[in-house]
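Peer 1: This is a predicted model, with the sequence first.
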Amino acid sequence: MNTKSIKLLSLLIFIAWAAPSCVFLEERLLVGMTLVRDAAAHGAVCLDGSPPAYHLHRGFGAGKHNWLLQFEGGGWCNDIRSCLDRAKTHRGSTRHMTKWEVFSGILSNNAYLNPDFYNWNRVKLRYCDGASFAGDGKFDNGTSLLYFRGQRIWEAIIRDLLPKGLATARNALLSGCSAGGLATFLHCDNFRNLLPPNTNVKCLSDAGFFLDIRDISLNPTMRSFFEDLISLQGIEPNLHKNCTQSFAFPKWCFFPQHALKYITTPFFILNSAYDVFQFHHGLVPPSADLHGHWNRCKFNPAECNSTQIDILQGFRHGMLAVLNPFYQHSGRGGMFINSCFAHCQSESQDTWFADNPPRVHNKTISEAVGDWYFNRRLTKEIDCEYPCDSTCHNLIPPPPKVAQIIP
């Protein structure tokens with residue numbers, strides 16, 4: 001099936017702080033889904049057995065030989081029950097996915113809103129395996145059937161894109177958000193190896209730098225969750241070989257902080273120092289706050305008391321500490337660590353590049369990534385600690401109706 005795209009003209013209303021509201025028109029780009037029809041022959045299927053998919057908007061002009069691949073995010077499933085539930089949703093089946101996706105932020109085709117990548121071939125890889133495109137296994141008890149085939153899905157989509165122009169790419173950027181940002185760490189060097197030696201290949205993770213930390217009750221919540229995920233979905237053989245051979249516990253290589261030093265492809269890390277997902281599910285998961293003492297702080301940072309602020313500053317300091325070797329010694333790496341309460345900032349136009357986007361040292365996320373990719377200048381930006389940054393767009397989800405450890 002040929003990917004289709006249409007432009008819909010929509011009216012967007014922007015209300016500026018302390019200024020009269022202004023109204024202007026912006027073109028929004030909707031891009032149609034492409035199913036990988038022969039993927040099943042290679043065992044590359046979603047949790048429910050449906051075919052994998054992606055959305056491709058063709059490049060043009062000077063960008064027609066350049067490619068940007070964006071992993072979709074959306075959490076994980078680490079046990080049979082949660083994977084069975086996920087298989088009935090758009091997170092585990094292309095049957096339940098929207099057939100058109102809005103391309104904005106780093107995927108926008110607007111030269112003003114996405115000046116460095118607007119005319120590239122831009123691809124969104126749909127997420128339906130629940131393991132950051134990294135598992136390879138199956139569950140079949142005679143009653144229920146689940147396919148854990150994220151690694152094969154990744155390979156099938158690449159195989160489908162290579163003859164469409166990816167094989168002759170001049171420039172290529174692999175990126176992703178959240179669980180997709182984690183997938184970027186997992187597949188970066190593999191992506192480099194799949195493309196010609198003369199292709200300029202780099203990788204970008206947005207909100208994918210998940211920390212191997214203990215929660216406020218001193219339990220290793222995220223480590224336990226990921227270890228169950230790795231065991232269930234058969235991920236370990238697909239982790240970075242140089243990393244797994246260096247650790248007594250190879251599963252730790254699922255965490256970016258342990259795998260990063262083994263990645264040889266140039267890498268950019270975009271993350272909030274107060275990442276909302278990690279704050280809510282890794283640092284202060286519901287299991288560690290049974291009485292809800294953190295509820296007001298979680299959903300409005302201004303409500304945090306001094307002790308809670310100290311804990312959040314400790315989380316930030318921990319992130320910067322494990323990133324310090326990369327900051328100090330990576331000559332080809334880049335980073336943008338801001339102090340906003342957010343999770344995923346590259347796909348949203350408001351945070352990627354707009355009239356009033358987040359900035360660090362007066363540089364937008366879009367400018368920082370572009371400067372790094374095209375080697376215009378060194379880009380390793382670290383924000384001051386909360387609450388110093390007045391440019392933040394805090395992207396905090398509403399309180400859940402039912403507490404969950406991992407959405």
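Peer 2: On my side now, so go ahead.
Peer 1: phi, psi of residue 147?
Peer 2: Main-chain dihedrals, residue 147, degrees, to the nearest 10: phi -110, psi 120.
Peer 1: which residue packs closest to it, ignoring adjacent ones?
Peer 2: Using CB to CB, 6 or more residues apart in numbering and skipping residues adjacent in sequence, the residue nearest residue 147 is residue 45, 4.9 Å away. To be clear about C-beta, it is placed using only N, CA and C from the backbone, and glycine gets the same treatment.
Peer 1: what pLDDT does that neighbour get?
Peer 2: Here, the pLDDT recorded for residue 45 equals 98.
Peer 1: so it touches residue 51, yeah?
Peer 2: Yes. Between residue 45 and residue 51 there is a contact at 6.4 Å, judged by CB atoms under 8 Å.
Peer 1: where's residue 206 relative to residue 337, distance?
Peer 2: Separation of residue 206 from residue 337 (CB to CB, to the nearest Å): 12 Å.
Peer 1: For the two, work out which one has more neighbours and name it.
Peer 2: Per other CB atoms under 10 Å, whichever of residue 206 and residue 337 has more neighbours is residue 206, with 33 against 21.
Peer 1: which residues does the more buried one bridge with?
Peer 2: residue 177, residue 270 (DSSP bridges).
Peer 1: That one against residue 183, yeah?
Peer 2: No. Between residue 206 and residue 183 there is no contact under CB under 8 Å: 11.1 Å.
Peer 1: what touches both of those two?
Peer 2: Counting by CB atoms under 8 Å, 6 or more residues apart in numbering, the common neighbours of residue 206 and residue 183 are residue 176.
Peer 1: All the strands of the stretch 101-250 of the chain, residue numbers only.
Peer 2: For the stretch 101-250 of the chain, the strands defined by DSSP state E, counting those that start in this stretch occupy 121-125, 137-140, 145-148, 171-177, 200-206.
Peer 1: Check the secondary structure at residue 396 for me.
Peer 2: Following DSSP: H, G, I helix; E, B strand; the rest coil, the label given to residue 396 is coil.
Peer 1: if I look at the most centrally placed residue in the chain, how far off is residue 344?
Peer 2: Nearest to the mean C-alpha position of the chain, by CA atoms, centre = their mean, lies residue 177 at 1.4 Å. Distance, residue 177 to residue 344, by CB to CB: 4 Å.
Peer 1: Does residue 389 lie in a helix or a strand, and which?
Peer 2: Following DSSP states H and E, one finds residue 389 outside all helices and strands.
Peer 1: That one touches residue 382, doesn't it?
Peer 2: No. Using CB under 8 Å, residue 389 is not in contact with residue 382; the gap is 11.3 Å.
Peer 1: Mind listing the shared neighbours of those two?
Peer 2: Contacts common to residue 389 and residue 382, judged by CB under 8 Å, 6+ apart, are residue 360.
Peer 1: Tell me if residue 85 really is in a helix.
Peer 2: Yes. Counting by three-state DSSP, residue 85 is part of a helix.
Peer 1: where along this protein do the helices fall?
Peer 2: Ranges of helices within the chain are 80-86, 150-161, 179-194, 221-233, 241-244, 256-259, 276-278, 295-299, 306-329, 349-352, 365-373, based on DSSP state H.
Peer 1: which one of these lies closest to residue 36?
Peer 2: Shortest distance between residue 36 and these, using CB to CB, is found for helix 150-161: 5.0 Å.
Peer 1: Show me what that closest one packs onto, helices and strands only.
Peer 2: Using 3 or more CB pairs under 8 Å, 6 or more residues apart in numbering; DSSP states H and E as the contact definition, the elements that helix 150-161 packs against are strand 53-57, strand 121-125, helix 179-194.
Peer 1: Just want the angle from it to strand 53-57.
Peer 2: 40 degrees (axes from the mean of the first three to the mean of the last three CA atoms, to 10 degrees).
Peer 1: what's in contact with helix 150-161?
Peer 2: 34, 36, 38-39, 42-46, 52, 54, 56, 67, 69, 123, 125, 128-136, 166, 183, 187, 191, 194, 233, 238.
Peer 1: The same query, at a cut-off of 7 Å, please.
Peer 2: 36, 39, 42-44, 52, 54, 123, 125, 129, 131-136, 187, 194, 238 (CB atoms under 7 Å, 6 or more residues apart in numbering).
Peer 1: Sweet, I'm off.
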